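Colleague: with the input below, show me the fold.
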Amino acid sequence: MIAQLKQNWWILTLRGALAVLFGILAFAWPVATAFAFVFILAAFAFIEGIFALIGAFGWGLPATQRFLLILMGLLGLAVGVCAVLYPGILAVTLVFVVAWWAIVTGLIQLVVAVEMRKVIPNDWLLVLGGIVSVLFGVLLIWRPFAGVLTLAYLFGFYALLYGIMLLGLSFRLRSLATAPSP
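Modeller: Residues are numbered from 1 along each chain as shown. Reported below is the predicted structural model:
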């Protein structure tokens with residue numbers, strides 16, 4: 001499994017870079033982001049879902065981890081498709097959809113992180129990413145009517161943090177891949 005993770009470090013780099021890009025765009029154009037938030041969410045969730053599925057089938061993971069990544073991938077694809085097919089309905093319930101998506105994804109990441117710690121000792125980046133996702137979701141449930149503009153800023157902040165953590169993890173995996181074997 002570690003060989004597959006080392007070989008595919010670039011997928012995490014790409015995911016992290018896309019998350020950082022989404023975060024920057026949310027801060028650069030918050031009003032436009034608020035109006036287009038449903039479609040930005042659709043793209044982000046869909047891309048996350050695709051990369052989670054790529055990881056599930058391409059990394060040679062054990063069945064439990066593969067199942068969790070498949071679940072995370074299908075959840076991302078479902079959120080993305082619903083956002084495109086039903087933008088009006090989703091705009092009304094967007095805060096709650098994003099909140100629960102972040103909480104479930106964060107919890108899955110925490111479970112995967114515990115399993116990955118067996119392979120990558122002392123790694124805390126995926127744990128931190130899972131915690132940030134759960135806290136982001138809880139914050140949205142706590143203040144659901146804070147406004148779409150605030151949600152655009154929160155999404156930007158979340159995407160930046162999440163992307164930076166994925167980039168850090170990918171660079172760590174890359175360094176493991178280039179390190180000489182014992």
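Colleague: what about the helices in this protein?
Modeller: Ranges of helices in the chain, per DSSP state H, are 2-7, 9-28, 30-58, 63-85, 87-116, 125-142, 148-178.
Colleague: make CSV out of the ones you listed and add mean pLDDT and mean neighbour count.
Modeller: In this view, the C-beta of every residue, glycine as well, is placed from N, C-alpha and C. Listed next are those as CSV, based on pLDDT from 0 to 100; neighbours: other Cβ atoms under 10 Å:
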stretch, mean pLDDT, mean neighbour count
helix 2-7, 69, 15
helix 9-28, 90, 18
helix 30-58, 82, 19
helix 63-85, 88, 17
helix 87-116, 82, 18
helix 125-142, 88, 19
helix 148-178, 85, 19
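Colleague: isn't residue 25 right up against residue 37?
Modeller: No. Residue 25 is beyond contact range of residue 37, at 11.0 Å (criterion: Cβ atoms under 8 Å).
Colleague: how about residue 158: what's its closest non-neighbour residue?
Modeller: residue 136 (4.7 Å; Cβ to Cβ, 6 or more residues apart in numbering).
Colleague: residues contacting the one you found?
Modeller: 99, 102, 106, 154, 158 (Cβ atoms under 8 Å, 6 or more residues apart in numbering).
Colleague: if you set the cut-off to 7 Å instead, what comes out?
Modeller: With contact set as Cβ atoms under 7 Å, 6 or more residues apart in numbering, residue 136 has these partners: 102, 154, 158.
Colleague: same check on residue 11?
Modeller: Residue 11 neighbours (Cβ under 7 Å, 6+ apart): 51, 54-55.
Colleague: try it again with 8 Å
Modeller: Shown in contact with residue 11 (Cβ under 8 Å, 6+ apart): 51, 54-55, 58, 170.
Colleague: can you give me the neighbour number for residue 8?
Modeller: 18 (other Cβ atoms under 10 Å).
Colleague: I'd guessed it sits against residue 51; true?
Modeller: No. Residue 8 is beyond contact range of residue 51, at 10.3 Å (criterion: Cβ under 8 Å).
Colleague: so what sits against both of the two?
Modeller: By Cβ under 8 Å, 6+ apart, no residue touches both residue 8 and residue 51.
Colleague: wait, doesn't residue 72 sit right on residue 108?
Modeller: Yes. Using Cβ under 8 Å, residue 72 is in contact with residue 108, at 4.9 Å.
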